[in-house]
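Chemist: what shape does this take:
(chains A and B)
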Amino acid sequence: QQQVRQSPQSLTVWEGGTTVLTCSYEDSTFNYFPWYQQFPGEGPALLISILSVSDKKEDGRFTTFFNKREKKLSLHIIDSQPGDSATYFCARGTGNTGKLIFGLGTTLQVQP
Amino acid sequence: EAAVTQSPRSKVAVTGGKVTLSCHQTNNHDYMYWYRQDTGHGLRLIHYSYVADSTEKGDIPDGYKASRPSQENFSLILELASLSQTAVYFCASSVLDLSSYEQYFGPGTRLTVL
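Modeler: Below is the predicted model of the structure:
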């Protein structure tokens, strides 16, 4: 049962370009939407997160947008760097247990 | 800084054998989680725990047991390993903060069942 749909599955961009990853979800009752970044051979690590009371959160080159009406989440990476090459997962919080439901991930390759 | 360690980092097991994966955290976190990661399936929650001596089923608990003997330690047990349980397993920990569900992940254990 996939409750968070993530696209694209994979993406290649040139160094210096802008990367856009998107997620859509079915249920609008949850309030926490994080993005995790995973490098090969490592565990995922929190990149950026947003609460549903906000529509935008920025952290350096990374910005996440939340559209509650359309039930969509996006991650924008400006000035993409080869070091950004990784798999990115969006997720949503599921209530008062701290549980997360993850999307299937997007594998990003930034070409120099 | 948050620290979650897992052992072993990789393991080869035989079908029908028993496998125990261990996780240790020094974050003083109440919540701990076990996930499996498969190509095409992302991260799926197997079991989790919010207090020592208690575990809860996640989304895919069949074929797995969990044990939380202390706040710091959380184990995943495969009583009868099967080929379909070949995957990378991640442990994570978190505090209960409803404004931030940040989970800290370990480096993973690559399990191959033959």
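
Chemist: show me what from chain B comes close to chain A.
Modeler: Chain B has residues B:4, B:31, B:33, B:40-45, B:48, B:50, B:56, B:58-59, B:90, B:92, B:94-96, B:98-108 near chain A, with proximity defined as Cβ under 8 Å from any Cβ of the partner chain. (C-beta placed from N, C-alpha, C; glycine too.)

Chemist: select only the buried ones of the residues you listed in PyMOL?
Modeler: The buried residues among these can be selected in PyMOL (16 or more other Cβ atoms under 10 Å in any protein chain shown) with this line:
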select buried, chain B and resi 4+31+33+42+43+44+45+48+50+56+58+90+92+94+95+100+101+102+103+104+105+106+108
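
Chemist: inside strands: which ones of the residues of chain B next to chain A?
Modeler: The strands, defined by DSSP state E, take in B:4, B:31, B:33, B:42-45, B:48, B:50, B:56, B:90, B:92, B:94, B:104-105 from those.

Chemist: hang on, B:S84 in a strand?
Modeler: No. Residue assignment for B:S84, taken from DSSP: H, G, I helix; E, B strand; the rest coil, gives helix, which places it outside any strand.

Chemist: skip the chain neighbours and tell me the closest residue to B:K65.
Modeler: If you skip the residues right next to it in sequence, B:K65 has B:I77 as its closest partner in space, 4.3 Å away by Cβ to Cβ, 6 or more residues apart in numbering or on different chains.

Chemist: pLDDT averaged over the helix or strand where that neighbour lies - what is it?
Modeler: When secondary structure is defined by DSSP states H and E, B:I77 falls within strand B:73-78. Along strand B:73-78, the predicted confidence averages to a pLDDT of 98.

Chemist: name all residues that make contact with the residue in chain B that chain A sits nearest to.
Modeler: For chain B, the residue closest to chain A is B:F105, as judged by Cβ to the nearest Cβ, at 3.2 Å. Taking Cβ atoms under 8 Å, 6 or more residues apart in numbering or on different chains as the criterion, B:F105 is in contact with A:G43, A:P44, A:A45, B:V4, B:F90, B:C91, B:A92.

Chemist: beta partners of the fourth one?
Modeler: It stands for B:V4. On the basis of DSSP bridges, B:V4 takes part in beta bridges with B:Q25.

Chemist: model confidence score at it, please.
Modeler: Predicted confidence (pLDDT) at B:V4: the value is 97.

Chemist: thought it was touching B:N28?
Modeler: No. The pair B:V4 and B:N28 does not pass the contact test of Cβ atoms under 8 Å, sitting 12.0 Å apart.

Chemist: what's around the closest residue in space to B:A87 that isn't next to it in sequence, how many residues?
Modeler: For B:A87, the nearest residue in space outside its immediate sequence neighbours is B:R36; the separation is 4.4 Å by Cβ to Cβ, 6+ apart. Other residues within reach of B:R36, judged by other Cβ atoms under 10 Å in any protein chain shown, total 23.

Chemist: and B:R36, what element?
Modeler: When elements are defined using DSSP H and E, B:R36 is found to belong to strand B:31-38.

Chemist: what sits against B:L96?
Modeler: With contact taken as Cβ under 8 Å, 6+ apart, B:L96 is in contact with A:N96, A:G98, B:D30, B:Y31, B:Y50.

Chemist: and the residue positioned nearest the centre of chain B, how close does it get to A:G83?
Modeler: The centre of chain B sits closest to B:W34, judged by Cα atoms, centre = their mean, with a distance of 2.6 Å. Here the criterion is Cβ to Cβ, to the nearest Å. By it, B:W34 lies 30 Å from A:G83.

Chemist: please consider this matter closed, and thank you.
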